[in-house]
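Participant: Curious how this folds, go ahead:
(one chain, ligands or ions: 2)
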Amino acid sequence: MRTSIATVCLSGTLEDKLRACAAAGFDGVEIFEQDLVVSPSSPEEIRALASSLGLTLDLYQPFRDFEGVSEDLLEQNLRRAEAKFRLMQRLGIDTMLVCSNVATATIDDDAVAASQLRSMGTLAARYGIRLAYEALAWGRYVSDFEHAWRIVELADHPNVGTCLDSFHILSRRWDPAAIEKMPAEKIFFVQLADAPELSMDVLSWSRHYRVFPGEGAFDLVTFMGHLVRSGYNGPVSLEIFNDVFRQAAEERTAVDAMRSLIRLAERTSLHLAEEGNGKGRMELATLPGVGEPLGFSFAEVKAGDPVQVRNLLHQLGFTCQGSHRTKAVELWTQNGVRMIINGQQATGLEPGISAIGLDVPDAAAAASRALQLKATPVSRRSQANEEVLQVVAAPDGTEIILCQATEGEPAWSAEFGTGSPLPAPGPVTAIDHVNLSQPWQHFDEAVLFYDSTLGLSTRPSVEVPSPMGLVRSQVMRSSDGAVRIALNIAPPVFDDAGDGSGYPQHVAFACTDLISVARTAAARGLEFLPVPGNYYEDLDARFGLDPEFLSTLRELNLLYDRDGDGEFLHFYTSTVGNVFFEVLERRPFYEGYGAPNAPVRLASQFLTSGTARS
Ligand SMILES: O=C(O)c1ccc(O)c(O)c1
Ligand SMILES: [Mg+2]
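Facilitator: Ligands and ions are numbered 1, 2, ... in the order given. Predicted structure coming up:
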């Protein structure tokens, strides 16, 4: 599959964009006219830069409002087109995107549109240029890709073909199966975009909310299946108009973009293996298939001064199982649940979640897959005869450690000298989930990262009101729920550095008896996150709880929820640095995360963090 990307997807100057696309591994780019018009570089310089970067210039776009016009206007439009053909010759680009007229068309007649496109094709042929006619979803008379195709057929000119753009097709819910009926050689170009389900006018949706494949709700795998079966083998190009990507660092966005295409190629290839690929010629690279993660192996908190984190873990029933032979690292356990306190290179650092260890069926394959998906490898300092761990960085910088699943204790735990005589038993049974705050500009990237590299899938996102603004929260989980990672967009008030780091994150432990964990913790002096009295009155109004039970909840600052048959009890510790802990009990078969209680937590954290205005 030849990969391409429109320069409009990225921030920066045209030169910045070209460098970022090349670095991310794209074969080519579409030059968006506006990027060229504002550039101080001449067309020849842009052509030379692209060539030196190994990028082909695949398309010049857009040419607007051409067809369906009066004879006078046609003449002007042809003159305008000819100027662009000359420019394209200087750039060395042979394909121009012509989008269906949205503004100046006055004649709703396919024969007229076709004959005007034919004239344009005859002119283009003199410059060796091909025209790819694209139906914009909000075109005046042509908004459907099959309609655009009928006009191309009527135009019947070798230099006039069509451009398919998944956004315009899927946003209008046209059936992409019709692509298979088109002769592949008349599909001159293909653009891909995904988008979240939104209820708004299609133009605003298209111009502001497109996302890379896999980050939205469109079925691009089926779309690609039809495309491959049509026999198309030209560039597959990303055209993403997105307000956030246009502000984010272009190198990262380009990598995110490439990751989306690599993942889409894999999914398409799997889909075609099931359904058959007809006359498909497109080569689709696959990736090492890896099973889903089986569970959390551990979570790691980095802390310059470990005292506060040690205290919290002790209060929650953990014991120190030992210090690492060679590093300032401690292993704390309870009943097989592992927490690492890492004091290496953490002098002066506020405590915060730095890594998550995931048990995977094949660590080497999982690491290879992640690297092929352009995850950033991380080398952790290790000495001879220590376990070498496979580590990649998630988009927010959290290190993801891919641990070979084993029966019993992992090999690396032998590197910790024995502290406590016995691993402590206790009611805590697992890490239930880890909650990570994401920089706002990398949220979609994070979702794609966890989906593509780890095989976690998304749950519907929720928005939680807090005193700092709405917090968007998205759970990614393995199919059996053994791994759940909740991603939150950090409200900017808490995020001075703009990288999510200012916002507290947490590890949630599942237990079998929340009230006993809370009582032990209280006896050991745990500072609970305080819960307001109003909350308990509301709880009583909603659920009519047994008065004794309600007063226990109130006494211990416990939160409560119910869904279907299941019940949920949980509490939060106070925050140290940037980390706090949650302990929860899922009484069968509660599947959620206590979403109605999230605003209570956020408001209480706001009041106790010193951020509140007095
Ligand atoms: O929003 C637009 O105008 C626009 C322009 C060119 C395209 O290829 C497209 O899909 C949309
Ligand atoms: Mg398009």
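Participant: What residue in the stretch 301-450 of the chain comes nearest to ligand 2?
Facilitator: For the stretch 301-450 of the chain, the residue closest to ligand 2 is residue 444, as judged by CB to the ion, at 19.2 Å. The way it works is simple: take the backbone N, C-alpha and C, and place the C-beta from them, glycine included.
Participant: Could you check which helix or strand contains that residue?
Facilitator: With elements delineated by DSSP states H and E, residue 444 resides in helix 443-454, which encompasses its position.
Participant: Please report the distance of residue 116 from residue 155.
Facilitator: In this structure, residue 116 and residue 155 are separated by 8 Å, where distance is defined by CB to CB, to the nearest Å.
Participant: The strand ranked longest in the chain to helix 443-454, inter-axis angle?
Facilitator: Longest strand in the chain by number of residues, with DSSP state E as the criterion: strand 428-438. Interaxial angle, strand 428-438 versus helix 443-454 (axes from the mean of the first three to the mean of the last three CA atoms, to 10 degrees): 140 degrees.
Participant: What is the distance between strand 428-438 and the centre of its chain?
Facilitator: The offset between the C-alpha centroid of strand 428-438 and the centroid of the whole chain comes to 19 Å, using CA atoms, centre = their mean, to the nearest Å.
Participant: for that strand, packing partners?
Facilitator: If contacts are counted by 3 or more CB pairs under 8 Å, 6 or more residues apart in numbering; DSSP states H and E, strand 428-438 sits against strand 295-302, strand 337-342, strand 352-360, strand 484-489, strand 505-511, strand 579-587.
Participant: Could you find the closest non-adjacent residue to the residue in the stretch 451-600 of the chain that ligand 2 sits nearest to?
Facilitator: Residue nearest to ligand 2 within the stretch 451-600 of the chain (CB to the ion): residue 452, separated by 23.9 Å. By the measure of CB to CB, 6 or more residues apart in numbering, the closest residue to residue 452 outside its immediate chain neighbours is residue 263, 4.1 Å from it.
Participant: part of a helix, is that neighbour?
Facilitator: Yes: looking at residue 263 with DSSP: H, G, I helix; E, B strand; the rest coil, it is inside a helix.
Participant: What's opposite whichever residue of the chain sits closest to ligand 2 in the beta bridge?
Facilitator: Evaluated by CB to the ion, the chain has residue 165 as its residue closest to ligand 2, separated by 3.5 Å. The residues listed as beta-bridge partners of residue 165 by DSSP bridges are residue 191.
Participant: Report the angle between the longest strand of the chain and strand 352-360.
Facilitator: Between strand 428-438 and strand 352-360, the angle formed by their directions is 120 degrees, by the same axes, to 10 degrees.
Participant: could you check the angle strand 579-587 makes with strand 428-438?
Facilitator: Angle, strand 428-438 to strand 579-587, by the same axes, to 10 degrees: 130 degrees.
Participant: Extract the C-alpha trace of strand 428-438 and format it as PDB.
Facilitator: Backbone C-alpha positions of strand 428-438 (Å, rounded to 0.1, in the frame of the first residue of the first chain) are rendered in PDB as follows:
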ATOM      1  CA  VAL A 428      -6.600  -6.800  47.800                       C
ATOM      2  CA  THR A 429      -6.700  -9.200  44.900                       C
ATOM      3  CA  ALA A 430      -5.700  -7.300  41.800                       C
ATOM      4  CA  ILE A 431      -4.900  -4.000  40.100                       C
ATOM      5  CA  ASP A 432      -8.400  -3.300  38.800                       C
ATOM      6  CA  HIS A 433      -7.500  -0.300  36.600                       C
ATOM      7  CA  VAL A 434      -5.000   2.400  36.200                       C
ATOM      8  CA  ASN A 435      -6.200   6.000  35.500                       C
ATOM      9  CA  LEU A 436      -3.800   8.100  33.400                       C
ATOM     10  CA  SER A 437      -4.300  11.800  32.600                       C
ATOM     11  CA  GLN A 438      -3.600  12.700  29.000                       C
END
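Participant: Need the mean per-residue confidence for whichever helix or strand residue 254 is part of.
Facilitator: Taking DSSP H and E as the definition, one finds residue 254 inside helix 250-275. Taken as a whole, helix 250-275 has a mean pLDDT of 96.
Participant: Pull out the buried residues from that helix.
Facilitator: Going by neighbour count (16 or more other CB atoms under 10 Å), the buried part of helix 250-275 is 250-269, 271-272.
Participant: For the chain, which residue gets nearest to ligand 1?
Facilitator: Ranking the residues of the chain by distance to ligand 1 (CB to the nearest ligand atom) places residue 62 first, at 3.8 Å.
Participant: Direction included, what does whichever strand or helix holds that residue pair against?
Facilitator: Secondary structure here is read from DSSP H and E; on that basis residue 62 sits in strand 56-63. Strand partners for strand 56-63, identified by DSSP bridges, are recorded as strand 28-32 (parallel), strand 95-99 (parallel).
Participant: Next SSE downstream of it?
Facilitator: Next in sequence after strand 56-63, counting helices and strands by DSSP H and E, comes helix 71-91.
Participant: Pairing partners for the longest strand of the chain, with directions?
Facilitator: Sheet partners assigned to strand 428-438 using DSSP bridges are listed as strand 484-489 (parallel), strand 505-511 (antiparallel).
Participant: Quick one: the ones you listed as TSV, columns for distance to ligand 1 too.
Facilitator: TSV is the format used below for those (distance: least, CB to the nearest ligand atom, whole Å):
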stretch	distance to ligand 1
strand 484-489	26
strand 505-511	38
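Participant: in the stretch 451-600 of the chain, which ranges drop under the pLDDT threshold?
Facilitator: Along the stretch 451-600 of the chain, the parts satisfying pLDDT under 70 run over 491-502.
Participant: And the helices in it?
Facilitator: According to DSSP state H, counting those that start in this stretch, the stretch 451-600 of the chain carries its helices in the segments 514-523, 533-543, 547-556, 598-608.
Participant: Contacts for the second one, please.
Facilitator: Spelled out, it's helix 533-543. Contacts of helix 533-543 from elsewhere in the structure, counted by CB atoms under 8 Å, 6 or more residues apart in numbering, are 545, 550, 553, 554, 559, 560, 562, 597, 600.
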